[in-house]
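Student: Fold the following.
(one chain, ligands or ions: 1)
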Amino acid sequence: MHYRTSPHNKILLHESKINNVTIKIEHQYYYALFNIETEIEEFNNAWDTVEIDLGIKTLSTLSNGQKIANLDTTAEDRKIKKYYRRLSKKKYRSNRYNKTLKTLGKWITKKQNKLNDTYHKLSNYIVKNYDIICMEDLDIKELFEEKKFSSFLQTIGWRKLINMIKYKCQWYGKIFIQINRWYPSSKICSNCGYYNKDLKNEKEWTYPHCQKTHDRDINAAKNIHKQCLIDLINEKMNLWSRGIAQ
Ligand SMILES: [Zn+2]
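Tutor: From the prediction side, this is the model:
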């Protein structure tokens, strides 16, 4: 039996009340799923904010300048492709077919576990270190237009990561805000608010109004950050005015 747990999980299990344990078998791997009751540790809430930008090569860029590379799963992808091709040549439900299917399943699981681990570590890091987490909506449509299977898989990965950040924010009392991606984050000067509708894809430019020169990505990140805070305040004000917010 394969037994996997991180040091953090060991502590968690040790200090928690275990309600029940379920054994799951998936692609030859045995999993023990613990349903536990535990105290969620409170983090210091200093209202630190961060803006996250998701990408393909760089999985995420944080507004503090930190870049997290996407996990390399070339080895797993190659095996998955290889066994998938082999499977298509075998007679359906024959012994050889079943055997290849098992191996294929094993590699798919390996890849999934590797990705899940990265997403968990990254989302833990973000939620533990920041209190207000902002990001733009995903540009799903544009990705689908590329009609590449790899973009489709990447989208699923991002969705998974975003969901983890969302539910961990709820656990730890952090705030998660997503802004509409149609907001023209790169066309607005983050210094004076001037809107330059003629801006194309220039990497760097000087805003005519205040003469400030910005790097396109950093300027966009600053604007997204500001817009998230404005949205948050508006939402809170709205709830307060209706008497439902604390
Ligand atoms: Zn300006």
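Student: mind giving me the domain split of the protein?
Tutor: 1-39, 48-178, 183-246 (automatic domain parsing).
Student: Mean pLDDT and mean neighbour count for these - can I get that in a markdown table?
Tutor: Quick note: C-beta positions are derived from backbone N, CA and C, even for glycine. Below are the domains of the chain laid out as a markdown table (pLDDT from 0 to 100; neighbours: other C-beta atoms under 10 Å):
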| stretch | mean pLDDT | mean neighbour count |
| --- | --- | --- |
| domain 1-39 | 71 | 11 |
| domain 48-178 | 85 | 15 |
| domain 183-246 | 81 | 14 |
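Student: Ok, which of those domains comes nearest the ion?
Tutor: domain 183-246 (3.1 Å; C-beta to the ion).
Student: follow-up on the earlier one: same list, the domains of the chain, but as CSV with distance to the ion please.
Tutor: Converted to CSV, the domains of the chain look like this (distance: least, C-beta to the ion, whole Å):
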stretch, distance to the ion
domain 1-39, 45
domain 48-178, 19
domain 183-246, 3
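Student: Next up, identify which helix or strand the residue most central in space within the chain is on.
Tutor: With distances taken as C-alpha atoms, centre = their mean, the residue of the chain nearest its centroid is Leu161 (2.7 Å). Using DSSP states H and E, Leu161 maps to helix 149-172.
Student: So what touches that helix?
Tutor: Helix 149-172 is contacted from outside by 40, 42-43, 52, 54, 56, 59-60, 115-116, 119-120, 122-124, 126-128, 133, 135, 138, 140, 143-144, 174-176, using C-beta atoms under 8 Å, 6 or more residues apart in numbering.
Student: Same question for stretch 86-98.
Tutor: Contacts for stretch 86-98 (C-beta under 8 Å, 6+ apart): Thr100, Leu101, Leu104.
Student: These in strands, which ones?
Tutor: Of those, none are assigned to strands by DSSP state E.
Student: if I look at Thr58, how far off is Arg216?
Tutor: According to C-beta to C-beta, to the nearest Å, Thr58 and Arg216 sit 16 Å apart.
Student: Let me fix that, I meant to ask about Lys57.
Tutor: From Lys57 across to Arg216, the span is 17 Å (C-beta to C-beta).
Student: any idea of the angle the helix ranked longest in the chain forms with helix 149-172?
Tutor: Criterion DSSP state H: the longest helix present in the chain is helix 95-129. If you take axes from the mean of the first three to the mean of the last three C-alpha atoms, to 10 degrees, helix 95-129 sits at 50 degrees to helix 149-172.
Student: and the helix or strand following helix 95-129, what does it pack onto?
Tutor: Once the chain leaves helix 95-129, the next helix or strand it forms, by DSSP H and E, is strand 132-136. Counting contacts by 3 or more C-beta pairs under 8 Å, 6 or more residues apart in numbering; DSSP states H and E, strand 132-136 packs against strand 49-54, helix 149-172, strand 175-179, helix 216-241.
Student: Using CSV, write out every CA atom in strand 132-136.
Tutor: Extracted C-alpha coordinates of strand 132-136, given in CSV (Å, rounded to 0.1, in the frame of the first residue of the first chain):
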residue,chain,number,x,y,z
ILE,A,132,-7.0,40.1,0.8
ILE,A,133,-6.4,38.1,-2.3
CYS,A,134,-7.4,39.6,-5.7
MET,A,135,-7.4,38.3,-9.2
GLU,A,136,-8.9,38.8,-12.6
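Student: What strands line up against it, and which way round?
Tutor: Sheet pairing here is set by DSSP bridges, and for strand 132-136 it gives strand 49-54 (parallel), strand 175-179 (parallel).
Student: Tabulate the ones you listed (JSON lines), appending distance to Lys24.
Tutor: Below are the strands paired with strand 132-136 laid out as JSON lines (distance: least, C-beta to C-beta, whole Å):
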{"stretch": "strand 49-54", "distance to Lys24": "30"}
{"stretch": "strand 175-179", "distance to Lys24": "29"}
